[in-house]
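> Provide a 3D model corresponding to the input given below.
(one chain, ligands or ions: 1)
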Amino acid sequence: MKVTTIGYWGGYPGVNSATSSYLIEEGDFSLLVDCGSGALARVQQKLEVMDLDAVILSHYHHDHVADIGVLQYAWLVQNTINESSDILPIYGHQEDGQAFEMLTHQYTEGIAYDPSQTLEIGPFTIEFLKTKHPVPCYALKICNGTETVVYTADTSHFEELGTFAEAADLLITDTNFYKGMDGEKPGHMTSEEAASVAEKANVETLWLSHLPHFGDLNMLKQEAADVYNGNIELAEEGLTWSGKDQ
Ligand code: ZN
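As a prediction, the model looks like this:
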């Protein structure tokens, strides 16, 4: 399994970059996890837009779904040019009916996931955990049979995250605040809280992502290192993790 950071900002994209989006590949299957602002431009450095096999969304905040509309236009334009009629499945939860409806377009099909059930998408098995966020949002545990990647999506800290992420090979956390700040109301974690999830879950590698637009981002890594002894990376575009079998 190969994971590539496409976008890593919280809220809005910085110059020439994108908000939350990750490309997860296994063999020739490509899954896009969240599709934030700028994601469509940035992901095309990695693959042709028609080579995406599926998209899955954690929740419907703009910094996670802003480029879904233009992705739908891209599939419309490319299908027209190529005289093809390929359909892109876009998985999302159904707790916001209006937002879910928007996932279906001429060449995209919105597919509801049931968070209480395990979902199979291509070579991946996906489990869900509802997070603590102002709107319904789900953390994802993505497994290819031998490796496990956990993405917290957007959430303030709560104990079950550590259980959900248990022994993950890679943990990608919402790290929108610095140590000592209070992320509970906006529904995000601090560096210290993200690291405590990694520590509790005993994961191998931690990526700090959904980064803030203030402060010295390297401080986030230092603060996390005081709590968690494993590998820590500050997310940036193109940051990749390749599983053991790659
Ligand atoms: Zn959010």
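
> going forward, measure contacts between C-alpha atoms and count neighbours the same way
OK.

> from the chain's centre, how far out does the longest helix anywhere in the chain sit?
When the chain is parsed with DSSP state H, its longest helix is helix 68-82. For helix 68-82, the separation from the chain centroid amounts to 22 Å (computed by Cα atoms, centre = their mean, to the nearest Å).

> In contact with the closest residue to A165 other than its chain neighbours: list those residues for me.
Excluding the flanking residues, the one nearest A165 by Cα to Cα, 6 or more residues apart in numbering is A201, at 5.5 Å. Listed by Cα atoms under 8 Å, 6 or more residues apart in numbering, the contact set of A201 reads G162, T163, F164, A165, E166, A167, A168.

> And for the residue nearest to H59 when sequence neighbours are not counted, the neighbour number?
Distances taken as Cα to Cα, 6+ apart place C137 nearest to H59, at 4.7 Å, with adjacent residues excluded. Residues near C137, counting by other Cα atoms under 10 Å, number 24.

> Contact partners for C137?
C137 touches S58, H59, Y60, K130, T131, A153, D154, T155, counting by Cα under 8 Å, 6+ apart.

> Please determine how far the residue lying farthest from the centre of the chain is located from L76.
Taking Cα atoms, centre = their mean as the measure, the residue most remote from the mean C-alpha position of the chain is E83, 31.8 Å away. Going from E83 to L76 by Cα to Cα, to the nearest Å gives 10 Å.

> do D154 as well
Distance from D154 to L76, by Cα to Cα: 30 Å.

> neighbour count winner among the two?
D154 (31 against 19).

> who touches the more buried one in this structure?
T131, K132, H133, C137, Y138, A139, D174, G187, H188.

> pretty sure the first one contacts Y138?
Yes. Taking contact to mean Cα atoms under 8 Å, the distance of 5.5 Å between T131 and Y138 places them in contact.

> which neighbours do the two share?
In contact with both T131 and Y138: T152, A153, D154, using Cα under 8 Å, 6+ apart.

> okay but the first one is in contact with I172, surely?
Yes. T152 lies in contact with I172 (Cα under 8 Å); the separation is 6.3 Å.

> Strands of the protein, residue ranges please.
Secondary structure of the chain by DSSP state E: the strands cover 2-7, 21-26, 29-33, 54-56, 88-92, 108-112, 119-121, 124-130, 138-143, 148-151, 170-174, 205-209, 231-234, 240-242.
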